[in-house]
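A.B. asks: have a look at this prediction, sequence included:
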Amino acid sequence: MERTPIAEYGFLSDCRSAALVSRDGSVDWWCPARFDSPSVFGRILDPDAGHWVLRPAGERNS
């Protein structure tokens with residue numbers, strides 16, 4: 001897997017926790033409890049560290 005450049009991520013936050021989401025909808029880094037807590041998904045650092053994706057099923061029109 002080719003790494004996604006950091007500029008291609010969106011930063012989502014509720015002022016307590018944060019996530020980095022790629023353009024294709026993959027949550028590649030997320031700290032759910034606090035900014036300084038361990039991340040649940042860490043794909044941004046290691047391709048095998050885990051991620052979560054929410055996408056429509058089937059084909060999409062570009």
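C.D. replies: Cool, the structure landed.

A.B. asks: only C-alpha atoms from now on, for both contacts and neighbour counts.
C.D. replies: Fine.

A.B. asks: low-confidence bits of this protein, can you list those?
C.D. replies: Regions of the chain meeting the criterion pLDDT under 70 cover residues 1, 60, 62.

A.B. asks: what segments of it are strands?
C.D. replies: Counting by DSSP state E, the chain has strands at residues 9-13, 18-22, 26-31, 41-42, 52-53.

A.B. asks: most packed of the ones you listed?
C.D. replies: For these, the largest average neighbour count (mean count of other Cα atoms under 10 Å) is found in strand 26-31, namely a mean of 22.

A.B. asks: elements contacting that strand?
C.D. replies: strand 18-22, strand 41-42, strand 52-53 (3 or more Cα pairs under 8 Å, 6 or more residues apart in numbering; DSSP states H and E).

A.B. asks: note down every partner strand of that strand and its orientation.
C.D. replies: Within its sheet, strand 26-31 is paired with strand 18-22 (antiparallel), strand 41-42 (antiparallel), strand 52-53 (antiparallel), according to DSSP bridges.

A.B. asks: turn these into JSON lines, including distance to Gly10.
C.D. replies: Formatted as JSON lines, the entries for the strands paired with strand 26-31 read as follows, by distance: least, Cα to Cα, whole Å:
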{"stretch": "strand 18-22", "distance to Gly10": "5"}
{"stretch": "strand 41-42", "distance to Gly10": "15"}
{"stretch": "strand 52-53", "distance to Gly10": "14"}
